[in-house]
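[1] here is my input; please provide its structure:
(3 chains)
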Amino acid sequence: MKHWLASFHRLASPPIFFRLAGRIMPWSLALAILSGGIGLVWGLVYAPADYLQGESVRILYIHVPAAWMSLAIWAFMAFAAIAALVWRTKVAETLAMAAAPIGACFTAITLLTGSLWGRPTWGTYWVWDARLTSELILLFLYLGVIGLYRTIEDPRRAARAASVLILVGLVNLPIIRYSVEWWSTLHQPASIRLSGSSIHPQMLWPLLVMALATKFYFLWAVLARARMMLAENESNKQWVRDLWREGRL
Amino acid sequence: MSASRAFLATLGRDLAAYWRRPGELLQPLWFAALVSTLLPLALGPESERLAIVAGGFSWIAALLAGLLGLDHIFRRDAEEGVLDQLLLAPVPLSLIVAGKFLAHWLVHGLPLALLLPLLALWLGLPPALLPTLALGLLLGTPLLSAIGGIAAALTVGLRGSGILLVLLVAPLYVPVLIFGAGAVEAGASGLSPRQPLLFLAAGVFLSLALAPWLAAKALRAALS
Amino acid sequence: MSGLEDILMERLPHWPFVAGAYAAFFLLLLFDAVQPYLAARRLRRELAARLTREARRAAAPKD
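    Numbering: from 1, shown residues only, chains lettered A, B, ... in the order given. The predicted structure follows:
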């Protein structure tokens, strides 16, 4: 226990984080590509077309995992933000800020794929329905975090200020999650729950595999971005120069 | 100085400072009245249509008018260097911030919450919905002050932060808007507005506990 | 061959949307994924410039 805690604490050191992240990244990317490939083939070729939605149901194999990620990444950022505000470690600040553009990307994917799914199934690209609107608001929140971080010059101060914004924005997460149940609108309620799902296993499995792939992709992307942000912010320090001289940057 | 005295002293000091510039206090109210007159010009004068949108429109007016005053919470203190002194004061910064938020709500939020229901009536809101709208605004405006205050604290150190402040705050106001306008909507369709109003009340208590702490964190991040 | 044709015929009304959605997905992810590489290249260049400048300053004769 003590040993585990001690090594956890050492993660807060940028050079150690840089080295460890570099070791995790190839595995995580390989797993993302592997599970993504399996999920794609399964979802596009083997999974049956839906009785009602037809072939357009195949969009959901990317739409739903991306939507999960758009919420999960904000939750991840909130944990990192609390760590950044309480312990003031550079690694936590950097992780929170590195995750924001990835979250914005997944939110944009969710909106785009959802609108392309809506046209053949609902007959419209966009409705001002609770879940669509709150997902759009989530995109604006991500952009707000990125914008605030970029506006303040000192990266550490910027990261702490943006961390506060992340925590305030956390209020929107339950609203997006429950919007479909609170307001009966066009978007259907969640069909996948921990206790029994209402969709066919032949469609559930590719969805879960794709969700796994997006998780591994996020792990890779956030580590890659955080590594580079740390090295950039510490480019005056010896460890970054050593890495550059050894050609490992 | 004890913590409660610090809170009261900040409250009194800020109220006095606001009182010295009565023109600034009238601006949000003036703005709310102005946009209310623009609404019939944009939508046409049919009273039935205006009656439908009056409730939701009051909430939009509250949000936009609330944005106008946000910059006042910390800006002047930051320019005069008072804020740097407050950061060093031997009392919890969150209590000082709470005093500033309360002062801001008393001079900006409360008058809006009182004026907007009247403007909505004038636009043709069914009188039966008036208590719902007024109660919602009374519960919602402190939330607007608290959320906006945190964002104002975040941007206080930045030059030309006006637009950024608005861009940061507007998405955060969404839950307040959803529940506030939702209460009026529920009342209009004959349902009980209890649930959304209770959500707003829960939000007020949550922000009472968290907003001063977060704003203090934000101030320290933005200034030190 | 006829099996493939059946699949294509069946997918005809929906496939542009499916293709568009998957294209958007991969394009956005690709855009996201190259950012760390761009940042690394920028950083390497900046460091190279800074270190050569420092080396030149150190080597220059002092007056």
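
[2] show me what contacts residue B:177?
    With contact taken as CB atoms under 8 Å, 6 or more residues apart in numbering or on different chains, residue B:177 is in contact with B:59-60, B:63. Any C-beta I mention is one placed from the backbone N, CA and C, and that applies to glycine too.

[3] give me the phi and psi for residue 124.
    With no chain named, the answer covers chain A. Per-residue torsions, residue A:124: phi -150, psi 150 (degrees, to the nearest 10).

[4] actually chain B
    phi 110, psi 20.

[5] please apply the same query to residue A:54.
    phi 70, psi -150.

[6] from residue A:36, how far out is the closest residue to it other than its chain neighbours?
    Spatially, and ignoring its direct neighbours in sequence, residue A:54 is nearest to residue C:14 (5.3 Å; CB to CB, 6 or more residues apart in numbering or on different chains). Separation of residue C:14 from residue A:36 (CB to CB, to the nearest Å): 22 Å.

[7] and of the contacts of residue B:177, the nearest to residue A:87?
    Of all the contacts of residue B:177, residue A:87 sits closest to residue B:63, with 35.4 Å by CB to CB.

[8] and the pLDDT at the residue nearest to residue A:54?
    pLDDT, residue C:14: 79.

[9] gap between it and chain B?
    Distance of residue C:14 to chain B, given as CB to the nearest CB, to the nearest Å: 33 Å.

[10] and for that residue, the neighbour number?
    22 (other CB atoms under 10 Å in any protein chain shown).

[11] which residues are in contact with it?
    Per CB under 8 Å, 6+ apart, neighbours of residue C:14: A:54-56, A:120.

[12] ok, now how distant is it from residue C:27?
    As judged by CB to CB, residue C:14 and residue C:27 stand 20 Å apart.

[13] the single nearest residue of chain C relative to chain B sits in which helix or strand?
    Taking CB to the nearest CB as the measure, chain C has residue C:28 as its residue closest to chain B, at 20.9 Å. Following DSSP states H and E, one finds residue C:28 within helix C:15-59.

[14] I'd like the distance from that helix to the chain centre, please.
    7 Å (CA atoms, centre = their mean, to the nearest Å).

[15] which strands or helices does it pack on?
    Packing contacts for helix C:15-59, counted by 3 or more CB pairs under 8 Å, 6 or more residues apart in numbering or on different chains; DSSP states H and E, involve helix A:60-87, helix A:90-122, helix A:201-233, helix A:238-245.

[16] count of neighbours near residue 117?
    Unless you meant another one, I'm taking chain A. 24.

[17] to clarify, I was referring to chain B.
    With neighbours defined by other CB under 10 Å, the count for residue B:117 comes to 23.

[18] and the helix or strand that contains it, which residues are buried?
    Element membership for residue B:117 (DSSP H and E) is helix B:110-123. With burial defined by 16 or more other CB atoms under 10 Å in any protein chain shown, the residues of helix B:110-123 counted as buried are B:110-113, B:115-117, B:119-121, B:123.

[19] can you tell me which two in the residues you listed are farthest apart?
    Greatest spacing in these, by CB to CB: B:110 and B:123 (21.0 Å).

[20] quick one: contacts for the closest residue to chain B within chain A?
    Taking CB to the nearest CB, chain B has its nearest neighbour within chain A at residue A:160, 3.6 Å off. Residues in contact with residue A:160 (CB under 8 Å, 6+ apart) are A:84-85, A:88, A:93, B:217, B:220-221.

[21] looking at the residues you listed, spot the one nearest residue A:144.
    Nearest to residue A:144, judged by CB to CB, of the contacts of residue A:160 is residue B:221 at 15.3 Å.

[22] so what does that closest one look like in phi/psi?
    phi -70, psi -40.

[23] got a list of what it touches?
    A:85, A:157, A:160-161, A:163-164, B:154.

[24] leaving out chain neighbours, which residue sits closest to it?
    residue A:160 (3.6 Å).

[25] what helix or strand is the one you found on?
    Going by DSSP H and E, residue A:160 is part of helix A:155-169.

[26] now that helix: buried residues?
    For helix A:155-169, the neighbour count (16+ other CB under 10 Å) marks A:155, A:157-169 as buried.

[27] what's the angle between that helix and helix A:60-87?
    Between helix A:155-169 and helix A:60-87, the angle comes out at 120 degrees (axes from the mean of the first three to the mean of the last three CA atoms, to 10 degrees).

[28] distance from the chain centre to helix A:155-169, please.
    Relative to its chain's centre, helix A:155-169 lies at 17 Å (CA atoms, centre = their mean).

[29] with residue A:102 as the reference, measure out to the most centrally placed residue in chain A.
    By CA atoms, centre = their mean, chain A has its centre lying nearest to residue A:73, at 3.6 Å. According to CB to CB, residue A:73 and residue A:102 sit 6 Å apart.

[30] tell me which residue in chain B sits closest to chain C.
    Closest approach between chain B and chain C, counting by CB to the nearest CB: residue B:171, at 20.9 Å.

[31] now that residue: closest residue in space that isn't a chain neighbour?
    residue A:140 is the one closest to residue B:171 (CB to CB, 6+ apart), at 4.3 Å.

[32] packing partners of the host helix or strand of the one you found?
    Here residue A:140, judged by DSSP H and E, is contained in helix A:130-151. Based on contacts counted as 3+ CB pairs under 8 Å, 6+ apart, the elements that helix A:130-151 packs against are helix A:60-87, helix A:90-122, helix A:155-169, helix A:172-182, helix B:162-172, helix B:174-188.
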